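S.K.: here is a sequence together with a model predicted from it:
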Amino acid sequence: MRFNKSTVDMGSNSSKPETKVFTPETPIDFSATFLSQLETSPESDFSRAQYTEKYIQDRVASELSKLEKQTIKEFKNTTDKAILKDEGEAKLSVASVNEKIGKLTDLLKENASLAKIVTPANVQESRDAVIKCLKDNQGKSLNCWDEVEGFKQLVKEL
C-alpha cells in the first residue's frame, strides 16, 4: 500500500510530497477493480455524512407528515362524532348543529373553570404579604422570613 504524505521541512519554502510504503505483517490481497473503485470514488467521509444526514432528515419529515395527517384525520373524526352524535336524525339543520356547538362550547368552558384553583382569602392575603415584603426588601429576602413561614404553614394546612 502506498500513501502520499506532504511534509514541510523547516527552513524550506516549498513542501515536497513524500511517499511512504507500509508493509503489513499479514498478507492483504484486494482485487484491482476494488482498489480502482476506491481511488476513483468521489465520495468522502464528509459527503457520506451529508448523505446520511439528508436521509435522516427526509425520513423524519415523512414520519412527521404521516403523523400530522393521522392527527388531522382523528381530530376530524372526533369532531364529526361529537356533532353527529344522534344517529336518529336523518337530516341536520343549521339550528340543531349550532345548538350542539353551543353545548360543546359550554362544556369546554365548564371544564376550563374546573381546572382553576380557588385559593382561600387568608392564603391569598399571606401570599400578597410575602410579595409586598420581598418588593420592599429587595436584596434582603431574609427580612421576610416570618411572612414566608406563615405562608408555608397556611399552604400546608390546605
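M.R.: Arrived safely, thanks for sending. Not measured: the values here are computed from a predicted model. Numbers count the residues shown, from 1 in each chain.
S.K.: what's the model's confidence in stretch 82-100, averaged?
M.R.: The average pLDDT within stretch 82-100 is 70.
S.K.: show me where this protein has strands.
M.R.: Here the chain has its strands, by DSSP state E, at 2-7, 16-21.
S.K.: lowest-confidence stretch among these?
M.R.: The stretch with the lowest mean pLDDT among the strands of the chain is strand 2-7, at a mean of 48.
S.K.: scan the helices and strands of the chain for the one with the lowest mean pLDDT.
M.R.: Lowest on mean pLDDT, DSSP states H and E among the helices and strands of the chain sits strand 2-7, with a mean of 48.
S.K.: low-confidence regions, the protein specifically.
M.R.: 1-17, 84-92, 115-116, 118 (pLDDT under 70).
S.K.: could you chop it up by domain?
M.R.: Following automatic domain parsing, one finds the domains of the chain at 2-43, 90-116, 121-157.
S.K.: make CSV out of those and add mean neighbour count and distance to residue 81.
M.R.: (Each C-beta comes from the backbone N, C-alpha and C, glycine too.) Shown next, in CSV, are these (neighbours: other Cβ atoms under 10 Å; distance: least, Cβ to Cβ, whole Å):
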stretch, mean neighbour count, distance to residue 81
domain 2-43, 8, 53
domain 90-116, 10, 11
domain 121-157, 13, 42
